[in-house]
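> Can you look at this prediction? I've put the sequence above it.
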Amino acid sequence: MNGGWEFEPPVRAGYELAKRLDPSLEYYGSTGPFRNILPREEQSRQFYTGGDFMIT
């Protein structure tokens, strides 16, 4: 990176399936520097499944 801020939006959507279990879908992206957004085909997008399990 040659300096400056980059726009990397994260998003997480979860659902309380049970009192102690919250499955989720997470999105991470990178569109490049604020002042020079990359073309769509050069941007990065990733989706992950996840979840939280409450032990206590």
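Nice, thanks for sending it over.
> what's the distance between residue 51 and residue 20?
For residue 51, the distance to residue 20 equals 11 Å [CB to CB, to the nearest Å]. (Each C-beta comes from the backbone N, C-alpha and C, glycine too.)
> same deal with residue 36?
Per CB to CB, residue 36 is found 45 Å from residue 20.
> Without its sequence neighbours, what residue ends up closest to residue 43?
Nearest residue to residue 43, sequence neighbours excluded (CB to CB, 6 or more residues apart in numbering): residue 31, at 5.0 Å.
> What is the neighbour count of the one you found?
Using other CB atoms under 10 Å, residue 31 has 18 other residues around it.
> Check the gap between it and residue 41 for me.
With the distance defined as CB to CB, residue 31 ends up 12 Å from residue 41.
> coming back round to it: enumerate every residue touching the residue nearest to residue 43.
6-9, 37-38, 43 (CB atoms under 8 Å, 6 or more residues apart in numbering).
> Roughly how far does residue 29 sit from residue 17?
26 Å.
> same thing with residue 54?
Taken as CB to CB, the span from residue 54 to residue 17 is 12 Å.
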